[in-house]
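*Asks:* sequence unknown, structure follows:
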């Protein structure tokens, strides 16, 4: 090797090292979180790659058996309890309408999950999906092939859905006879809305009962469709208020920016130093899990209690639930006392009034 080649090699190596160190220096706490860690379990229930804001009502994760599952059962809308059952499902579709189902199973690729975002490519249908979350509402972006007819199917596992000409609303009944309400609004008006029953389209704009589903048909040539929705345990009107307050007029980039900010604020309460990037990943992923519960269910100063099935005023103090209690008193509560004592005070007051 000539001296000139040697000098070039050394300069290139120095530049690569500098870029690597710079990339490490620019990483923020949320960038170390790996939601896939722990997604397979041989004994207990595994962790799930949950997308949410810290201690927020709206949590989602891909609806599949575990990390090894090769099919997605629709797209998630909300998980009603820690590692519990999901409510509702959204299924984008393009192709032959005879293949429409209340919940569509997808083969998928290019999945990417962060604490505040989700993206996946539904490869068989060639639909690109992007998702951003707020506290009680969220936004899906669907990328369709403009040469095919685009559809969005919304399913309630057990409840009612209706289309009023501008938005879809309804509820699903979950555990303890609790209703989860939804208000969903696409940024483009569908050309047609039908009831999807027994895998066939029927005339109507209201669906009831088990697997109640509405199919929204959009204009051929639609490339990108944004679907915003709000969730509530109080009623449909509150779900609409949650949507308007949090995601109306916002795009995915705005939700991502807010999500990153809130996660970095929470995770950076503990600063980790050292050269091991893998240790930081392990630590911040574990810390991210501590924000998965309990969740704040206050909605504009009110909350629904499944204990008496009534709506209460929170009297100006955020109300939390879904703590699970099992062993959390040993480490989870003491940790929060150190990291966020004011929030811990609210959580303990909530448990006192549960």
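*Replies:* Good, I have the coordinates. Since the structure is predicted, the reported quantities are computational estimates derived from the model, not experimental observations. Numbers count the residues shown, from 1 in each chain.
*Asks:* isn't there a helix covering residue 344?
*Replies:* Yes: residue assignment for residue 344, taken from DSSP: H, G, I helix; E, B strand; the rest coil, places it within a helix.
*Asks:* Helices of this structure, residue ranges please.
*Replies:* For the chain, helices defined by DSSP state H occupy the ranges 3-26, 236-246, 252-267, 277-289, 328-339, 341-352.
*Asks:* Looking at these, which is nearest to residue 211?
*Replies:* Shortest distance between residue 211 and the helices of the chain, using C-beta to C-beta, is found for helix 236-246: 19.8 Å. In short, each C-beta sits where N, CA and C put it, glycine included.
*Asks:* So which bits of that closest one are buried?
*Replies:* Of all the residues in helix 236-246, those buried under the rule 16 or more other C-beta atoms under 10 Å are 236, 238-243, 246.
*Asks:* Determine the set of other helices and strands touching it.
*Replies:* Contacting helix 236-246 under the criterion 3 or more C-beta pairs under 8 Å, 6 or more residues apart in numbering; DSSP states H and E are the following elements: strand 137-143, strand 168-173, strand 179-186, strand 224-232.
*Asks:* Save those as a markdown table, and put in mean pLDDT and distance to residue 120 too.
*Replies:* As requested, these are exported to a markdown table (pLDDT from 0 to 100; distance: least, C-beta to C-beta, whole Å):
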| stretch | mean pLDDT | distance to residue 120 |
| --- | --- | --- |
| strand 137-143 | 98 | 11 |
| strand 168-173 | 98 | 22 |
| strand 179-186 | 98 | 19 |
| strand 224-232 | 98 | 15 |
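*Asks:* Format those strands as TSV; extra columns: mean neighbour count.
*Replies:* Supplementary listing: those in TSV, determined by neighbours: other C-beta atoms under 10 Å:
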stretch	mean neighbour count
strand 137-143	23
strand 168-173	22
strand 179-186	23
strand 224-232	23
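*Asks:* picking that back up, if you compare the helices of the chain, which one is most tucked away?
*Replies:* Using mean count of other C-beta atoms under 10 Å, the stretch among the helices of the chain with the greatest mean number of neighbours is helix 236-246 (a mean of 20).
*Asks:* Quick one: distance of it to the chain centre.
*Replies:* 17 Å (C-alpha atoms, centre = their mean, to the nearest Å).
*Asks:* Any figure for the gap between the residue nearest to residue 149 when sequence neighbours are not counted and residue 280?
*Replies:* The spatial neighbour of residue 149 that comes closest, neighbours along the chain excluded (C-beta to C-beta, 6 or more residues apart in numbering), is residue 220 at 5.2 Å. Here the criterion is C-beta to C-beta, to the nearest Å. By it, residue 220 lies 48 Å from residue 280.
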